[in-house]
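[1] okay, sequence plus prediction incoming.
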Amino acid sequence: MNFKIILNFAGLFYAGLMVFFTGNCQAADPSKLTESESKPTLYEEQSSQTPTVFGGVGRKLPIWEVGLDLLILGTPHYEAFRNKLDLSNRVFWTEWWYDDDWGIKGFHAVQSFRMFSSIGSSARSNTKNMGVIAKTRHLLTESLIISAGFGVGKTEYSLARQKERGDSLVSEFRMGIKISEEFCTEIGALIIDSSSGSESEDQRLGSTSYFMGFSYGF
């Protein structure tokens with residue numbers, strides 16, 4: 001008699017467990033979810049549709065950029081003809097951005113100017129600049145970008161057999177328009193200031209140049 005009672009209690013306990021597990025499985029079934037639980041939220045929909053850090057996944061601006069600047073108008077610090085249009089002066093550069101606001105830029109600038117002479121035309125000077133710039137940039141609108149930076153560099157100036165070298169302070173300001181997610185065109189100013197030494201007879205090197213630039217981000 002006692003054995004039958006124990007079997008009955010065991011059967012009831014087993015049946016209760018089955019009902020409990022069956023109910024949990026139905027609750028976890030996605031097809032049984034309510035409309036509010038199964039429907040994605042507005043934020044999730046925006047996140048999947050907006051490829052920016054401001055509204056979802058991805059970045060608004062690329063991590064790496066490479067570009068070419070044409071120094072269309074240059075003012076050299078040494079004795080040369082100034083404010084002359086010359087598309088042979090250029091800057092090759094690459095940038096890495098830690099986030100959308102702060103980045104580092106490396107550049108190589110090549111410039112050439114015709115020097116002053118008492119008899120008219122004279123030899124051309126050649127200047128090479130290499131440096132690094134810490135930068136910040138901001139979005140004014142969806143496609144309009146401004147950036148500025150300050151850094152240091154090395155300048156090498158040569159004229160005929162004369163060659164001078166100096167340490168440089170470099171600053172730049174840029175304003176650009178994004179043509180697409182990858183391409184951007186910019187205008188701005190690049191200022192390179194240095195001298196070949198600290199003595200009174202040492203030559204001041206560098207230049208102030210106004211440029212039109214093109215860049216590709218990836």
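    Done, it's in. Residues are numbered from 1 along each chain as shown.
[2] so Ile146 makes contact with Met175?
    Yes: Ile146 is within contact range of Met175, at 5.0 Å (criterion: Cβ atoms under 8 Å). Quick note: C-beta positions are derived from backbone N, CA and C, even for glycine.
[3] what number of residues lie near Gly103?
    Look at Gly103: counted by other Cβ atoms under 10 Å, it has 21 neighbours.
[4] and it, which of the three is it?
    What DSSP: H, G, I helix; E, B strand; the rest coil gives for Gly103 is strand.
[5] that one and Trp97 touch, don't they?
    Yes: between Gly103 and Trp97 a contact is recorded at 3.7 Å, counting by Cβ under 8 Å.
[6] bridged to Leu159, which residues?
    Leu159 forms beta bridges with Gln162, as assigned by DSSP bridges.
[7] list the contacts of it.
    Neighbour list for Leu159: 115, 123-126 [criterion: Cβ atoms under 8 Å, 6 or more residues apart in numbering].
[8] among those, which ones are buried?
    115, 125 (16 or more other Cβ atoms under 10 Å).
[9] columns pLDDT on top of the contacts of Leu159, output as JSON lines?
    Formatted as JSON lines, the contacts of Leu159 follow (pLDDT from 0 to 100):
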{"residue": "Met115", "pLDDT": "83"}
{"residue": "Ala123", "pLDDT": "83"}
{"residue": "Arg124", "pLDDT": "85"}
{"residue": "Ser125", "pLDDT": "88"}
{"residue": "Asn126", "pLDDT": "91"}
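[10] nearest to Ser180, of the contacts of Leu159?
    The shortest approach to Ser180 among the contacts of Leu159 belongs to Asn126, at 35.7 Å (Cβ to Cβ).
[11] which SSE is the closest one in?
    Using DSSP states H and E, Asn126 sits within strand 124-139.
[12] cool, Gly166 as well?
    Using DSSP H and E, Gly166 falls in strand 162-178.
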